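> pasting the sequence and the predicted coordinates here, then a few questions.
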Amino acid sequence: MKLLTAAQTRQADAATIEQEGISSADLMERAAAAFTDWFCQRLSPAEAGEVLVVCGPGNNGGDGLVAARLLHHGGYRVQVALLPADKHSADFELNRQRLPAAVPVAEWAPAQLPAVAPGTVVVDALFGTGLNRPLTGAAAALVAHLNTSKARIVSIDLPSGLLADAPQPADSPVVQARHTITFELPKLALLLPQNARYVGRWQALPIGLSPQFLAEADTDTYLIDVTLLAGRLPARPTFSHKGTFGHALLLAGSRGKLGAAVLAARSCLHGGVGLLTVQVPAVGYAVLQTAVPEAMCLADAHKHELSELPDLKPYNAVGLGPGIGQDDATRAVLEELLCTAPVPLVLDADALNLLGANRSLLDLLPPDTLLTPHPKEFERLTEPARDDYHRLELLRDFARRHRCYVLLKGAYSCLATPDGQRYFNTTGNPGLATGGTGDVLTGLALALRADKRLSPLDAALLATYAHGRAADLAAVHTGQAGLTAGALPHYIGRALQELTTEEF
Ligand SMILES: NC(=O)C1=CN([C@@H]2O[C@H](COP(=O)(O)OP(=O)(O)OC[C@H]3O[C@@H](n4cnc5c(N)ncnc54)[C@H](OP(=O)(O)O)[C@@H]3O)[C@@H](O)[C@H]2O)[C@H](O)CC1
Ligand SMILES: [K+]
């Protein structure tokens, strides 16, 4: 799925209107009807009580007027508050006329903003993708009034005051919505942590925008979902053997952090790798042989941390990082690996922190290496980000400069590619915010990078999606709070199976 900018959304509207031979008012009716259906499925007229629809001067306000009409006809008690404005869009005016007289309408000027009782259901239709500057004056006053009222706010398209795809001053007035219901495709602003307090839970409702326009739209930003992944994970051939799915080497663990090596190893095996060899410090040898009998194990000569690199010839991919610590001997292993790796690399955790502490090593990164930092690890590789938008710019620049794939982990993890593309993940849940889940991702990514049938991009996309999907499958049984990294590997196979396609 593509992520479109506000400007592209307007172009999609125009293309839809032209190709279907409909009016913009028809498309507004379709969008507002989708919103109203969503609303009615969640709140009955009795549960909603008095619904306050606040409308701005443009087509976002027009959506609100249509929703007010449809809710009224659906038996809801509705009133409409209009933001004072000198001019209104044509479709706003049209739907102002269509609003039944039985629906009370009042213009809410800053001087006398009526009280909004706590818990009132408010439909925020002030501004959407047409917002082009921070709110001031009457609009800012109304937004502040709504936010302090503790109303239950659902925003149409965007929480009013939030720009669709660009940063804005941190003190800009923005509606704090419980839900944001957007149309067809999400906007970038909905995916960023700094906007979470405004956006609440978001959902994109289909409104039949031109499939041709969407297919041809030029974007460098995508969502990782099942449609994007279709066909990327081939079925496992009948006459497969262990070599078919690659032999991976995992370099992991240090004294007191051997669990990371176990988690990554188990995940790699559940990710479908053919053979796995794990090298751990000598202290971990018995642990790995016991905990992960399916993996072959090499004991590093050093007792407590990794100090040597084995011969890499037998391996199709190498993973380094989970639990390795940052001792000098381990840094030397990283440097040797970067200089000699003839195979795809997956670097995580302290391997990234070692890169951050020894920036000259970044110049040794082989092309197509996959790095999987969380935001703090990424900051150590680059610089502190001003905000989430700046962090995405840093991410794109880093991936381009070092010709690598960088997966910035978090809600909606973002994969940046060497050619400047960005992919936001759509799976996962807050249950992943627990120790060891990154190690599980590393093991899964290593398994897929060892599969010679997969491109570096496909392996990274599949690992990102399946890791979050495994968490979603697990959380059904464990709950989010009860989700542990150790439970995740058991759901990876099913997550991958859902993505496997049998070619005709
Ligand atoms: N495909 C879809 O997603 C569809 C979405 N629809 C809805 O249409 C809106 C977008 O409507 P639009 O009229 O383009 O813009 P807004 O309603 O968001 O804003 C109205 C005008 O407000 C002015 N503006 C911008 N910023 C401010 C501000 N800070 N303070 C005051 N006024 C502001 C601006 O006009 P200017 O002349 O002042 O620049 C805006 O034009 C979308 O969000 C959906 O809700 C369609 O209904 C159907 C398809
Ligand atoms: K809105």
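Sure, I can see it. Ligands and ions are numbered 1, 2, ... in the order given.
> residues contacting the residue lying closest to C404 once chain neighbours are set aside?
Of all residues not flanking C404 in the chain, T369 sits nearest, at 4.5 Å (CB to CB, 6 or more residues apart in numbering). Glycine gets a C-beta too; all of them are placed from N, C-alpha and C. Neighbour list for T369: P344, L345, V346, L347, H402, C404, Y405 [criterion: CB atoms under 8 Å, 6 or more residues apart in numbering].
> likewise for P237?
Neighbour list for P237: T244 [criterion: CB under 8 Å, 6+ apart].
> tell me the secondary structure of it, please.
coil (DSSP: H, G, I helix; E, B strand; the rest coil).
> tell me which parts of this structure are close to ligand 2?
Within the chain, the residues that sit near ligand 2 (CB under 5 Å from the ion) are N60, D124, G128, S155, I156, S160.
> picking that back up, now tabulate the contacts of T369 in a markdown table and tack on secondary structure and pLDDT.
Listed next are these as a markdown table, based on DSSP: H, G, I helix; E, B strand; the rest coil; pLDDT from 0 to 100:
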| residue | secondary structure | pLDDT |
| --- | --- | --- |
| P344 | coil | 97 |
| L345 | strand | 98 |
| V346 | strand | 98 |
| L347 | strand | 98 |
| H402 | coil | 98 |
| C404 | coil | 98 |
| Y405 | strand | 98 |
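> now the spatially most central residue of the chain: closest residue in space that isn't a chain neighbour?
Computing the C-alpha centroid of the chain and ranking residues by CA atoms, centre = their mean puts Y412 first, at 1.5 Å. The shortest distance from Y412 to any non-neighbouring residue, by CB to CB, 6+ apart, is to L191 (4.3 Å).
> surely that neighbour meets L408?
No - counting by CB atoms under 8 Å, L191 stays clear of L408, with 11.6 Å between them.
> and the residue nearest to Y412, backbone torsions?
With angles defined as degrees, to the nearest 10, L191 sits at phi -100, psi 0.
> change the start of the numbering to 54 and stick with it
Yep, numbering from 54; the last one is L244 now.
> ok, it - how many residues close by?
Neighbour count of L244, defined by other CB atoms under 10 Å: 23.
> likewise S508?
Counted with other CB under 10 Å, the neighbours of S508 add up to 11.
> what's the answer for H126, then?
Burial of H126 is recorded as 12 neighbouring residues (other CB under 10 Å).
> and L80, by the same measure?
By other CB under 10 Å, 22 other residues sit near L80.
> please apply the same query to the one 4 residues further on.
Counted with other CB under 10 Å, residues neighbouring A84 total 28.
> surely it meets G261?
No - applying CB under 8 Å, one finds A84 not in contact with G261, separated by 9.7 Å.
> pull the longest helix from the chain.
Under DSSP state H, the helix in the chain containing the largest number of residues is helix 509-531.
> report the buried residues of it.
509-528, 531 (16 or more other CB atoms under 10 Å).
> quick one, whichever helix or strand comes after that helix and helix 509-531 angle?
Later in the chain than helix 509-531, the nearest helix or strand by DSSP states H and E is helix 542-552. Going by axes from the mean of the first three to the mean of the last three CA atoms, to 10 degrees, helix 542-552 is angled at 120 degrees with respect to helix 509-531.
> which strands and helices lie in contact with whichever helix or strand comes after helix 542-552?
As assigned by DSSP H and E, the chain's next helix or strand after helix 542-552 is strand 553-554. When contacts are defined as 3 or more CB pairs under 8 Å, 6 or more residues apart in numbering; DSSP states H and E, strand 553-554 sits against strand 286-287.
> elements contacting the strand it packs on?
Under the contact criterion of 3+ CB pairs under 8 Å, 6+ apart, strand 286-287 touches strand 553-554.
> what's the domain layout of the protein?
According to automatic domain parsing, the chain comprises the domains 59-272, 299-547.
> next, format those domains as CSV and append distance to V279.
Converted to CSV, these look like this (distance: least, CB to CB, whole Å):
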stretch, distance to V279
domain 59-272, 15
domain 299-547, 8
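> deepest of those domains, which one?
Highest mean neighbour count among the domains of the chain (mean count of other CB atoms under 10 Å): domain 299-547, with a mean of 21.
> off-centre distance for that domain?
18 Å (CA atoms, centre = their mean, to the nearest Å).
> about what we covered before: ok, and which of the residues of the chain next to ligand 2 reach ligand 1?
Under the cut-off given by CB under 6 Å from any ligand atom, ligand 1 has N113, G181, I209 from those close to it.
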